[in-house]
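J.: coordinates for the following, if possible.
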Amino acid sequence: MRKLLDAIYTISGLVSAMLIAAICLLVTTQVVLNLVTKTGLLSVNLTIPSYADFAGYMLAASTFLALAYTLVRGGHIRVTMVLNIVPTGLRLVGEVVSLLIGTVVSGVATYYMYRLTLESYEFGDMSSGIVAIPLFVPQSTVLAGLLILTIALIDLTVQTIRTGGSVVPQMNSE
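T.: Numbering: from 1, shown residues only. Model prediction:
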């Protein structure tokens, strides 16, 4: 099970990175097309239809898909000043309570994103750009990211309770 969860977190992070690279490629291509149009080399306007919509959907997907990967690698900002001065027993309680609160918040967000995605699917909601996209498609990627984050938070909570201490690596401040 450990290998499966770690693989899910890693794949989620890789997909996120690929989406960021795709955004860069898309925007760069549009900038080049704008330059070609402005220089007058061609007598037609060159544009990628709905490129801003596509970039926005990819940004939302990459953001949410990166959350779990970043969490389990210790990349999220953590306030540890308080935990460093409290006794070990209270430190464990503080970490578990924090992880449980995060799990509940993430779980509620996952539930409501599921409901929104299902509603968009059932009603056939489409984007309003030049290229109409079924809204449930980009919403599904956000839902997947939230679901993976919720699983990661549950996983970290269980690991923290089992080991009796923090299992999230600390990022180096150097």
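
J.: any low-confidence regions in this structure?
T.: 78-80, 170-174 (pLDDT under 70).

J.: could you tell me which helix of it is the longest one?
T.: Ordering each helix of the chain by length in residues (DSSP state H) puts helix 2-39 first.

J.: can you give me the helices in this protein?
T.: 2-39, 51-72, 81-85, 88-123, 136-163.

J.: of all those helices, which one is nearest N45?
T.: Nearest to N45, of all the helices of the chain, is helix 2-39, at 5.2 Å by Cβ to Cβ. No exception for glycine: its C-beta is placed from N, CA and C like everyone else's.

J.: quickly note the distance from the residue lying farthest from the centre of the chain to E122.
T.: Going by Cα atoms, centre = their mean, the residue of the chain most distant from its centre is S43, 41.1 Å out. Distance, S43 to E122, using Cβ to Cβ, to the nearest Å: 46 Å.

J.: how far is stretch 143-160 from where the chain is centred?
T.: Centroid separation for stretch 143-160 versus its chain: 12 Å, with Cα atoms, centre = their mean, to the nearest Å.

J.: nearest residue to the middle of the chain?
T.: F64 (1.5 Å).

J.: ok so, going back, which one, of the helices of the chain, ends up nearest to G129?
T.: Closest among these, using Cβ to Cβ: helix 51-72, at 4.1 Å.

J.: what sits up against that closest one?
T.: Helix 51-72 is contacted from outside by 6, 8-10, 12-13, 15-17, 19-20, 22-23, 26-27, 30, 48, 76, 127, 129, 131, 133, 137-138, 141-142, 144-146, 148-149, 151-153, 155-156, 168, using Cβ atoms under 8 Å, 6 or more residues apart in numbering.

J.: please apply the same query to stretch 112-119.
T.: 125, 136, 139-140, 142-143, 146.

J.: alpha carbons of it, as PDB, please.
T.: C-alpha atoms of stretch 112-119 as PDB (Å, rounded to 0.1, in the frame of the first residue of the first chain):
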ATOM      1  CA  TYR A 112     -18.400  19.900  -2.700                       C
ATOM      2  CA  MET A 113     -16.100  19.800  -5.700                       C
ATOM      3  CA  TYR A 114     -17.500  16.400  -6.500                       C
ATOM      4  CA  ARG A 115     -21.100  17.800  -6.300                       C
ATOM      5  CA  LEU A 116     -20.100  20.800  -8.600                       C
ATOM      6  CA  THR A 117     -18.500  18.500 -11.100                       C
ATOM      7  CA  LEU A 118     -21.400  16.100 -11.100                       C
ATOM      8  CA  GLU A 119     -23.800  19.000 -11.600                       C
END
